[in-house]
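Visitor: next comes the sequence, and after it the predicted model I'd like to discuss.
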Amino acid sequence: MAKLWRCEICGDPYIGDDAPTNCPFCGAKQKFIKEFKDAEVNFDVDLNEKDRANAEYALKVEISNSAFYFCAAEKVKDPEGKKLFKALGKVEAEHASIWKKILKLGSIPKGDDPCSEDYKEDLEDAHARETKAIEFYRKAAAESDNETIRKIFGALVQVETDHLELSEERLK
């Protein structure tokens, strides 16, 4: 029987018989997906100065990465690469949306990060971007005293690690 599920990281709902392995929107692991009635989602967070600065930087990272992936999805010739980059672009855009909610912003500026037409070159760029994001998110999670902020950064470390593994697999 279909149920209504909700991701505790991005807040988006999902309809299905079972919780998905990963959130179809932000990529968070299944442990963050609960039946709607049981999900605890709160973007109304009091940010101290350090958490605000880290959230603002995370928003910039996600806007940049999303723009890069959408660019690559348009330019690369490889059919799998097009789909992979499009999927990654959507997930990174959802991550930007999470930080938009936390920061209480009305809209998200569009990024304009360039990319290559070469699939391998874009995979190498993706690998570097994901590595940098993971390092920053780990640091930001460790620095925060706020449980919600730590949870979001920690979940995004896991998602970005999945993305890193996707690029590593294809670079072999």
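Guide: That came through fine. Numbers count the residues shown, from 1 in each chain.
Visitor: I'd say Glu56 and Leu103 touch.
Guide: Yes - between Glu56 and Leu103 there is a contact under C-beta atoms under 8 Å: 6.6 Å. Placement of C-beta: from N, CA and C, glycine included.
Visitor: wait, what's in contact with Asp113?
Guide: The contact partners of Asp113, by C-beta atoms under 8 Å, 6 or more residues apart in numbering, come to Ser64, Asn65, Ala67, Phe68, Cys71.
Visitor: can you do 10 Å?
Guide: Listed by C-beta atoms under 10 Å, 6 or more residues apart in numbering, the contact set of Asp113 reads Ile63, Ser64, Asn65, Ser66, Ala67, Phe68, Tyr69, Phe70, Cys71, Ala72, Asp125, Arg129.
Visitor: how about Lys100?
Guide: Applying C-beta under 10 Å, 6+ apart to Lys100 gives the contacts Phe43, Ala55, Leu59, Glu62, Ile63, Gly106, Ser107, Ile108.
Visitor: swap the cut-off to 6 Å and go again
Guide: Contacts of Lys100 were listed using C-beta atoms under 6 Å, 6 or more residues apart in numbering, and they are Ile108.
Visitor: could you report the pLDDT at it?
Guide: pLDDT for Lys100: 97.
Visitor: chain center to the helix or strand encompassing it, what's the gap?
Guide: Element membership for Lys100 (DSSP states H and E) is helix 79-103. Distance, stretch centre to chain centre, for helix 79-103: 6 Å (C-alpha atoms, centre = their mean, to the nearest Å).
Visitor: could I get the full set of helices for the protein?
Guide: For the chain, the helices defined by DSSP state H occupy 49-75, 79-103, 119-143, 147-171.
Visitor: mind listing what's buried along the longest one?
Guide: Taking 16 or more other C-beta atoms under 10 Å as the neighbour-count basis, helix 49-75 is seen to contain the buried residues 51, 54-55, 58-59, 61-73, 75.
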